[in-house]
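# fold the following.
(chains A and B)
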Amino acid sequence: MVRAKNAPSLRAGLADATSERFFFDRAARVCVTKLGRGTSLGGRLAALAGRSVMVATASQLAAALALIELDGIARRLTILPPDTAPEHLAALIGCAEVDAVVVDDGTLPHAALDLPLRVPVTPAIAPAGDLPPMAAHTEWVLLTSGTSGVPKMALHDLASLIAPIGVERPDGAVVWGTFYDIRRYGGLQIFLRALIGDASLVLSSAGEPIAEHLARLGRCGVTHLSGTPSAWRRALMSPAIGTIAPRYVRLSGEIADQAILDHLRATFPQARIGHAYASTEAGVAFEVEDGRAGFPADILEHDRDGVELRLVDGALRIRSPRTAQRYLGRAAPALRDRDGFVDTGDMVERRGDRYVFVGRRGGIINVGGLKVHPEEIEAVINRHPQVRMSLVRPKQNAVTGAIVIADVVLKPQSAGAEAGGELAIKNDILALCREALPRHKVPAAISIVPALNVAATGKLARRYG
Amino acid sequence: MSIKLTIMEQMRQIAREHGKTLAPLTDDLALLDSGLDSLGFAVLVARLEDTLGIDPFTTAEDAMFPLTLGDFVKVYENGARQKRAVA
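Presented below is the predicted three-dimensional model:
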């Protein structure tokens, strides 16, 4: 059991596996243990040895199988998230010197993907006679979820990716599920946790409604489930949330405020609930399971598991064996500072014995010269018992340059409120803000909206400008 | 409600919310002496956009911020006229 972390490659770990486990998506169930002695690449794995391979499938399940097979075989693996803008493909392929692509039936045709070597992958495993021997210390390239322009390409290897994964002896079989796509850092962590922890994994499928995804997670018996706070807020709005009963609930990718932690605690009273702080560049820095927003100040003062944290001008910097090594590309900016720390751009503030995340450095709104983090106001609004989620954004203003306004989504039981009821809730939220925040952080206006836009990354869509 | 009354009502509301005391609202009252600070006026402009549907200060590039309450009201009355003319 749990031997795979020391295995030289992902497939080698599987070959030693003792129990059968499965990867699921909406359409298929694959006994992934069979990859130890099988292939989903139609016998063409050897042709990919030593190459720089882009995994460009539509299906997550097909991508998962390809990644297992190619680790230790390909020189470099570039993982293409499904929402990558097609106009960036050529630049990404050039930057990573991609010379082979793995595709499936759903891969969108694009001239940039017409490479000399194109290998199809299917979400099915055929027995393989001879598998090529491990040939490479594979580089893993992950795309960052930047808001505009060509995504940056962060260079990891298997060691940095699995460094955060602790070896724990689970009480009973583990079935992981995630609201993330495994082709971004947060989801890839869950994919690797499932592989290394001898667990099964339930993947989402493109376009699958949240209620169906939750019901499927329930049918597969999910025990460990991970997503962004925004993804969890959406899940909690669905009546299908009652179909799952995870033992472990994990949040990462956005600030986990006290409201979402409390909602999850109330919904899953028996579960372990943890929030992790991680980014594509910095890796997983730490995980907190005490049910409180933010993290103990102690984490910043004492290194743990080789992770060093440092505050520079209020922003968190991280040095650890889990960070990416560098960005690919000759013109790329430095990923680490001179001392080897990654600047996360995430701002924290000390409150008593804890640090809390207040927002992104790039997301600050300037109200008449005073700095405002939208996330800090959202955390207050989200405390209102009838609020499910909120987005605070700047509005241009002739007097102060900008002011803050808020879009608010109410919980389903509140949505039927007539116009008068909405007004009462708005005033109530404003009163809450006035109590908890200085004047310039109180939204000048609140709109009740039916939904907020959540990006493909699972994060609330914000426009920085 | 007239534009003038709407503006005065909003000013009283914001003064209450911000814990400020308003001076008597006359046409020649200097806005600097009104009791609302710049944040108060920022919120006023945002609220008026909600209720009147116009923000005359961001739509007109050269709009100067007025000095007295009477001029402030005129800016909104002109803005409302222009909006009707366009519609």
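# which residues of chain A lie near chain B?
Taking CB under 8 Å from any CB of the partner chain as the contact definition, chain A meets chain B at A:367-368, A:395-400, A:403, A:405, A:430, A:434, A:439-440, A:444-445. The C-beta positions use only the backbone N, C-alpha and C, and glycine is treated the same way.
# need the buried ones from those selected in PyMOL.
Buried members of the residues of chain A next to chain B, defined by 16 or more other CB atoms under 10 Å in any protein chain shown, are picked up in PyMOL with:
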select buried, chain A and resi 367+368+395+397+398+399+400+403+405+430+434+439+440+444+445
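# residue contacts, the closest residue to chain B within chain A?
Nearest residue of chain A to chain B: residue A:398, at 3.2 Å (CB to the nearest CB). By CB atoms under 8 Å, 6 or more residues apart in numbering or on different chains, the residues touching residue A:398 are B:42, B:45, B:55, B:57, B:58, B:63, B:65.
# quick one: it and residue B:3, what's the gap?
17 Å (CB to CB, to the nearest Å).
# among the contacts of residue A:398, name the buried ones.
Buried residues within those, counting neighbours by 16+ other CB under 10 Å: B:42, B:45, B:55, B:57.
# got the contact list for whatever helix or strand residue A:235 lives in?
For residue A:235, the element it lies in under DSSP states H and E is helix A:229-236. The contact list for helix A:229-236, computed with CB under 8 Å, 6+ apart, reads A:179-180, A:210, A:214, A:227, A:241, A:249, A:251, A:253-257, A:260, A:263-264, A:267, A:388-389, A:452, A:454, A:458-460.
# give me the distance from it to the chain's centre.
Computed by CA atoms, centre = their mean, to the nearest Å, the chain-centroid distance of helix A:229-236 equals 13 Å.
# ok so residue B:4 is a helix residue?
Yes - checked against DSSP: H, G, I helix; E, B strand; the rest coil, residue B:4 lies within a helix.
# what residues are up against it?
Applying CB under 8 Å, 6+ apart, we find residue B:4 in contact with B:73, B:77.
# now the residue of chain B found nearest chain A. Nearest residue, chain neighbours left out?
Closest contact between chain B and chain A, by CB to the nearest CB, is at residue B:57 (3.2 Å). Counting by CB to CB, 6 or more residues apart in numbering or on different chains, residue B:57 lies nearest to residue A:398, which is 3.2 Å off, once chain neighbours are set aside.
# okay, that neighbour and residue A:446: tell me how far apart.
The value you get for residue A:398 to residue A:446, if CB to CB is used, is 21 Å.
# pLDDT below threshold where in chain A?
Low-confidence segments of chain A (pLDDT under 70): A:1-5, A:146-148, A:170, A:414-420, A:464-465.
# separation between the residue nearest the centre of it and residue A:459?
Centroid-nearest residue in chain A, with CA atoms, centre = their mean: residue A:186, separated by 2.9 Å. As judged by CB to CB, residue A:186 and residue A:459 stand 9 Å apart.
# who in chain B is up against chain A?
Within chain B, the positions near chain A by CB under 8 Å from any CB are B:17-18, B:38-39, B:41-43, B:45-47, B:50, B:55, B:57-58, B:63, B:65.
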